[in-house]
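Enquirer: Structure for this input, please:
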Amino acid sequence: MNADKSNVRFDTSPRTTDPARSELGRSAQTWPWVNWGLALSTVPASAIVMLFALGAVMSTDGCTDGGCPNLGRGGIDFGIAFYGAPLVAFVVIVISFFTAKRRKGVVVPLCGWALLIADVALMAASVAG
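Expert: Below you'll find the model as predicted:
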């Protein structure tokens, strides 16, 4: 301001009519919600994986050395399949505390989901037959 034009004021928040700019602000607010939604949904997904692992192991209960030849060497590894799922969910939530506000932070829960799906696929392939 100067003495000649004392009634002139400058707006500190620029307003734009550009729709791309206004959408950028809105999408920046939705990414943390998407990230946390995916991260927290790994908890019930890991419970489902644990139930699937329990069912897969129970389905092999009647197998002996010659009764189920398609199980492969040693059958399925119950410890990794059963206890790995909640560990994946825990690690995804902990890492999401640091990456949730970043746009590419959604990669963390997506990798967690991929690991949970791979766990189910490997268990299903090892007991199918």
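Enquirer: Could you point out the helix or strand that follows the helix or strand bottoming out on mean pLDDT in the chain?
Expert: The helix or strand with the lowest mean pLDDT-type score in the chain, counting by mean pLDDT, DSSP states H and E, is helix 19-40 (a mean of 74). Taking DSSP states H and E as the definition, the helix or strand that follows helix 19-40 towards the C-terminus is helix 42-59.
Enquirer: Report the rounded mean pLDDT for the following helix or strand past that following helix.
Expert: Past helix 42-59, further along toward the C-terminus, the next helix or strand under DSSP H and E is helix 78-99. Predicted confidence along helix 78-99 averages 91 (mean pLDDT).
Enquirer: And the helix or strand following helix 78-99, what does it pack against?
Expert: Next along the chain after helix 78-99, taking DSSP H and E as the criterion, comes helix 107-127. On a contact count with 3 or more CB pairs under 8 Å, 6 or more residues apart in numbering; DSSP states H and E, helix 107-127 meets helix 19-40, helix 42-59, helix 78-99. All C-beta spots, glycine's among them, are computed from the backbone N, C-alpha and C.
Enquirer: Can you convert these into JSON lines and add a column each for mean neighbour count and distance to Ala125?
Expert: Formatted as JSON lines, the helices and strands packed on helix 107-127 follow (neighbours: other CB atoms under 10 Å; distance: least, CB to CB, whole Å):
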{"stretch": "helix 19-40", "mean neighbour count": "13", "distance to Ala125": "25"}
{"stretch": "helix 42-59", "mean neighbour count": "16", "distance to Ala125": "10"}
{"stretch": "helix 78-99", "mean neighbour count": "17", "distance to Ala125": "12"}
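Enquirer: For those helices, give me a markdown table that also has distance to Cys111.
Expert: Conversion of the helices and strands packed on helix 107-127 to a markdown table gives the following (distance: least, CB to CB, whole Å):
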| stretch | distance to Cys111 |
| --- | --- |
| helix 19-40 | 10 |
| helix 42-59 | 10 |
| helix 78-99 | 8 |
